[in-house]
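# got a predicted model here, sequence first, then my questions.
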Amino acid sequence: MSDDVRTIDVAGRVTKRRSGPRTGGLQVADSRPPVIDGLVVGVRCTVCRHPSPQPVLRCPVCFGEVAPERFGPGGIVWSSTVVHLRVSGREPPFALAYVDLDDGPRILAHLEGAARVMPGTRVSVVGAADGDIQVSA
Amino acid sequence: MSREVVIRGVGTSHFGAFPEKRVEELAWEAAVEALEDAATERSELGAFLVGSVFGPPGIAARVGRGLGIGSVPAYAIEAACASGTAAFHEAVTGVADGRFDCALVLGVEQLSTLFSGAIVPEATDPEGATGLPLPGLYALQAERYRHLYGLDDEQLAAVAVKNKRHGLRNPRAHLAAELTVGEVLESRMIAEPLTLLQCCPTSDGAGALVVSTARGEPGEVRVRASALVSGEPWDHRNPEEWGRLSVARAAEQAYAQAGVSAEEIDLFEVHDAFTIGEIITLEALGIAPSGEGASLAVSGHTAFGGAQPVNASGGLLSRGHPLGATGTAQIAEMAWQLRGHAGERQVAGAELGLVETMGGGAAGMDGNACVVTVLSKS
């Protein structure tokens, strides 16, 4: 950048974006499914049984009424990766997997150990760390 | 479409990291180039439609101020990475339906003043809050593809080698290079199996398009089809990678509107934010059956000089990916190609082209939106 370029200092900069407290922003509602007694809390449609990991007000498939339900702890890995970036305070490397919980929804979880596992591998929910769902093969 | 629609003029900024510039400066560079290319007076414009993800809020008014566009409808459209082509789609339908005769479409994004490195995931989204960065989302696609069809890391890398090489002929590209498959695979790991050189740069830039009714003037590029689809819920019922079905739905609509098939398309500009994205997209567009898209870059089918060049501009991997600007940059490139004005990277016999842009990132959705448009020489 040349000397005559003028910019505003970073300090005190306010953006309109909700980056969340982990990256220096303001508090936001936690949208991650809670884990209670080792089970993932979501909802299931009372009409068509479609499970959702988010607390939707109506079933996204049939618009039926939903009721709270706990899912897991077992499931199978749909796909997994190991992230080598520092993401919102999480130290790399860490593994993430989409997991289809038994008779339940597909969730995104942190996978124990920094290694990919084959899709189809059986895993279990072992809890949550700082709100992130944890699974183990 | 009820009225025939054409692109009369196109323009872009350079693409790169320009934190010293104002967002408006990037936009004005593209808009002035497009208006001059179209030989269009500002008084002819009936709408000003802006595609941008991170704005700033009020972007249409802030940019419009420097162009003196007047009091016609001016607003921003946000559809993640497809924002620019979503704004284009709105302009095309507006002209086709007779809401206005001529519109200026702008796509603009400045990422260098928002993020130092990869885009920070959206904290309000359950997957973003869980720490899934965008390359991670595509990495999960790649590992699923590998499970379903088989995939060699070298096939992924071949896409990066091709597009980074294409970018060497594009003086406005952000990062272009002559690379080997080995160099791509040995670059820093980002999200397994995707290495740094398989990820688009986070860039700043703008693109602009003047869209109007057909007037039979030279330089007009005919809009044969424009289809915008939203993502549908993507969950435990879906064995396939997220995004694949969204692209396929948009493509089906676009091919039907244009009355053409994938084999007839001479060249493509598609959403290669990450190498796996180009592979799955080309399958969804019908260029190769599922599981065979990974061989297209390796065989040379999609290279400059190949049977169906893909991303002759360098694509997002080389030009860069200023989110809202990307779709307009893709369409500008296709217009230059179809007019025969693409210089060193001119594809021989470019008469029928397809542009695809995919926006994603919302948890549990098969993409946020996908736009597919088919363009031809008038």
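Perfect, I can see it now.
# quick one: B:Gly94 and B:Asp101 touch, right?
No: counting by Cβ atoms under 8 Å, B:Gly94 does not reach B:Asp101; the two are 9.3 Å apart. For every residue, glycine as well, the C-beta is placed using N, CA and C.
# do me a favour and average the pLDDT over stretch B:30-44.
Stretch B:30-44 shows an average pLDDT of 97 in the prediction.
# run through who's touching it.
With contact meaning Cβ atoms under 8 Å, 6 or more residues apart in numbering or on different chains, stretch B:30-44 is reached by B:8-13, B:63, B:67-70, B:101-102, B:104, B:106, B:108, B:205-210, B:212, B:219, B:325, B:328, B:332.
# give me that answer again for 6 Å
With Cβ atoms under 6 Å, 6 or more residues apart in numbering or on different chains as the contact definition, stretch B:30-44 has outside contacts at B:8-13, B:67-69, B:102, B:106, B:206-208, B:210.
# which residues does the closest residue to B:Ala82 other than its chain neighbours contact?
Closest residue to B:Ala82 apart from its sequence neighbours, by Cβ to Cβ, 6 or more residues apart in numbering or on different chains: B:Gly359 at 3.6 Å. Shown in contact with B:Gly359 (Cβ under 6 Å, 6+ apart): B:Ala79, B:Ala80, B:Cys81, B:Ala82, B:Asn368, B:Ala369.
# can you tell me how far B:Gly293 is from A:Glu112?
33 Å (Cβ to Cβ, to the nearest Å).
# what's the answer for B:Met365, then?
27 Å.
# next: A:Pro21.
Counting by Cβ to Cβ - A:Pro21 and A:Glu112 are separated by 26 Å.
# tell me which of those two has more neighbours.
A:Glu112 (17 against 12; other Cβ atoms under 10 Å in any protein chain shown).
# please tell me I have it right and that one contacts A:Asp132.
No: checked against Cβ atoms under 6 Å, the pair A:Glu112 and A:Asp132 is beyond contact range at 11.7 Å.
# low-confidence stretches in the chain?
Chain wasn't specified; assuming chain A. Under the criterion pLDDT under 70, the flagged ranges of chain A are A:1-5, A:7-17.
# wrong chain, I was asking about chain B
B:1.
# in it, which residue sits closest to chain A?
B:Ala123 (2.7 Å; Cβ to the nearest Cβ).
# which non-adjacent residue is nearest that residue?
Nearest non-adjacent residue to B:Ala123 (Cβ to Cβ, 6+ apart): A:Gly20, at 2.7 Å.
# for B:Leu137, see how far away the one you found is.
In terms of Cβ to Cβ, A:Gly20 sits 18 Å off from B:Leu137.
# what of B:Leu151?
17 Å.
# can you tell me the centre-most residue of chain A?
Closest to where the C-alpha atoms of chain A average out (Cα atoms, centre = their mean) is A:Leu108, at 4.6 Å.
# the residue most central in space within chain B is in what secondary structure piece?
Closest to where the C-alpha atoms of chain B average out (Cα atoms, centre = their mean) is B:Gly327, at 3.6 Å. Using DSSP states H and E, B:Gly327 maps to helix B:323-339.
# now do A:His110
Going by DSSP H and E, A:His110 is in strand A:106-111.
# tell me what that strand is packed against?
strand A:94-101, strand A:132-136 (3 or more Cβ pairs under 6 Å, 6 or more residues apart in numbering or on different chains; DSSP states H and E).
# distance between the helix or strand following that strand and the chain's centre?
On the C-terminal side of strand A:106-111, the nearest following helix or strand under DSSP H and E is strand A:122-129. Relative to the chain's own centre, strand A:122-129 is displaced by 12 Å; criterion: Cα atoms, centre = their mean, to the nearest Å.
# what comes up buried for strand A:122-129?
The neighbour-count check on strand A:122-129 (16 or more other Cβ atoms under 10 Å in any protein chain shown) flags A:Val123, A:Ser124, A:Val125, A:Val126, A:Ala128 as buried.
# how far off strand A:94-101 does that strand point, in degrees?
Relative orientation of strand A:122-129 and strand A:94-101, computed by axes from the mean of the first three to the mean of the last three Cα atoms, to 10 degrees: 120 degrees.
# other residues contacting strand A:122-129?
For strand A:122-129, using Cβ under 6 Å, 6+ apart, the contacting residues are A:35, A:38, A:72-77, A:99, A:134-137.
# can you select the buried ones from those residues in ChimeraX?
Filtering the contacts of strand A:122-129 down to the buried ones (16+ other Cβ under 10 Å) takes a single ChimeraX command:
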select /A:35,72,73,75,76,77,99,134,135,137
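# from the contacts of strand A:122-129, pick the one nearest B:Glu264.
Within these, the smallest distance to B:Glu264 is 40.3 Å, found for A:Val77 (Cβ to Cβ).
# near chain B, which residues of chain A? Just list them.
Applying Cβ under 6 Å from any Cβ of the partner chain, we find that chain A lies next to chain B at A:1, A:5, A:16, A:18-20, A:23, A:28, A:31-32, A:60, A:79, A:81-85, A:87-88, A:90, A:96, A:100, A:105-106, A:108, A:116, A:119, A:132.
# now the strand of greatest length in chain A against strand A:94-101, angle please.
In chain A, with assignment by DSSP state E, the single longest strand is strand A:74-83. For strand A:74-83 against strand A:94-101, the angle by the same axes, to 10 degrees is 150 degrees.
# which elements pack onto strand A:74-83?
strand A:94-101, strand A:122-129, helix B:134-149.
# does chain A sit close to whichever helix or strand comes after the last one?
Right, helix B:134-149. Counting by DSSP H and E, the next helix or strand C-terminal to helix B:134-149 is helix B:153-167. No: using Cβ under 6 Å from any Cβ, helix B:153-167 stays clear of chain A, with a minimum separation of 12.3 Å.
# the closest residue to B:Tyr75 other than its chain neighbours: how many residues sit nearby?
Leaving aside its chain neighbours, B:Tyr75 sits nearest to B:Ala60 (5.3 Å; criterion: Cβ to Cβ, 6+ apart). By other Cβ under 10 Å, 22 other residues sit near B:Ala60.
# the host helix or strand of B:Ala60: how far from the chain's middle?
Per DSSP H and E, B:Ala60 falls inside helix B:59-65. Remark: helix B:59-65 is offset 22 Å from the chain centroid, using Cα atoms, centre = their mean.
# now list the buried members of the residues of chain A next to chain B.
A:19-20, A:28, A:31-32, A:60, A:79, A:81-85, A:87-88, A:90, A:96, A:100, A:105-106, A:108, A:116, A:119, A:132.
# in chain A, which residue sits closest to chain B?
A:Gly20 (2.7 Å).
# what distance do you get for that residue to B:Ala303?
Following Cβ to Cβ, the distance that separates A:Gly20 from B:Ala303 is 42 Å.
# and B:Leu197, what is it in contact with?
Contacts of B:Leu197 (Cβ under 6 Å, 6+ apart): B:Ala160, B:Val184, B:Ser187.
# dump those residues into CSV; add distance to B:Thr275 as well.
Below are the contacts of B:Leu197 laid out as CSV (distance: Cβ to Cβ, whole Å):
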residue, distance to B:Thr275
B:Ala160, 5
B:Val184, 8
B:Ser187, 12
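# of those - the most surrounded one?
Neighbour-wise, the contacts of B:Leu197 (other Cβ under 10 Å) top out at B:Ala160, 31 neighbours.
# make sure the residue of chain B closest to chain A is indeed in a strand.
No: assignment of B:Ala123 by DSSP: H, G, I helix; E, B strand; the rest coil gives coil, placing it outside any strand.
# which ones are touching it?
With contacts defined as Cβ under 6 Å, 6+ apart, the neighbours of B:Ala123 are A:Arg18, A:Ser19, A:Gly20, A:Val28, B:Ala129.
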